[in-house]
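> After the sequence you'll find the predicted model.
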Amino acid sequence: MADDADRAQKRIEQERQAGVLLVADRLATPGRDDCEDCGDDIEPARRKAIPSARKCHMCQEAAERIARLFTGAQHRSDR
């Protein structure tokens, strides 16, 4: 006979399979030790400050710069 814990675990697994918990899992899971973009080690200070970091400092800055350029280009084309 299934108890409450078994039912809760089954529900979590169903939601995970449905993609409901993907964002929560990603935020809760610490990142790897290497950058997902360049493969270099993520700096220990960055890892300590942001345990879920997936990019090194340089790649994160580059991604943010590109995002700002892209966002700015969209706004200029609206004028």
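Happy to help now that I have it. Numbers count the residues shown, from 1 in each chain.

> Please count neighbours and contacts with C-alpha atoms only from this point.
OK.

> residue ranges with poor pLDDT in this protein?
Segments of the chain classed as low confidence (criterion: pLDDT under 70) are 1-2, 16, 18-31, 73-79.

> And the longest helix that the chain contains, what's buried?
Counting by DSSP state H, the longest helix found in the chain is helix 57-77. For helix 57-77, the neighbour count (16 or more other Cα atoms under 10 Å) marks 57, 59 as buried.

> neighbouring contacts of that helix?
Surrounding helix 57-77, the residues in contact under the criterion Cα atoms under 8 Å, 6 or more residues apart in numbering are 35, 37-38, 42-43, 46.

> Tell me the buried residues within those.
Buried members of the contacts of helix 57-77, scored by 16+ other Cα under 10 Å, are 35, 42-43.

> Tell me which of the contacts of helix 57-77 fall in helices.
When the contacts of helix 57-77 are checked against helices (DSSP H), the matches are residue 46.

> before we move on, back to that, now distance to residue 67 too, for the buried ones among the contacts of helix 57-77, in CSV please.
Shown next, in CSV, are the buried ones among the contacts of helix 57-77 (distance: Cα to Cα, whole Å):
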residue, distance to residue 67
35, 18
42, 21
43, 23
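
> Between those residues, which sits nearest residue 14?
residue 35 (30.6 Å; Cα to Cα).

> so who does the closest one touch?
41-42, 54-56, 59.

> Nearest to residue 4 among those?
Comparing the contacts of residue 35 against residue 4 with Cα to Cα places residue 54 closest, at 35.2 Å.

> residues in contact with that closest one?
31-32, 34-36, 42.

> Over to it: give its phi and psi.
The phi/psi pair for residue 54 (degrees, to the nearest 10) reads phi -110, psi -10.

> Quick check: it vs residue 5, distance?
32 Å (Cα to Cα, to the nearest Å).

> Same check on residue 56?
Distance of residue 56 to residue 5, given as Cα to Cα: 39 Å.

> With neighbour numbers in mind, choose between these two.
Under the criterion of other Cα atoms under 10 Å, the comparison of residue 56 against residue 5 puts residue 56 first, with 22 against 9.

> Fine, thanks again, bye for now.
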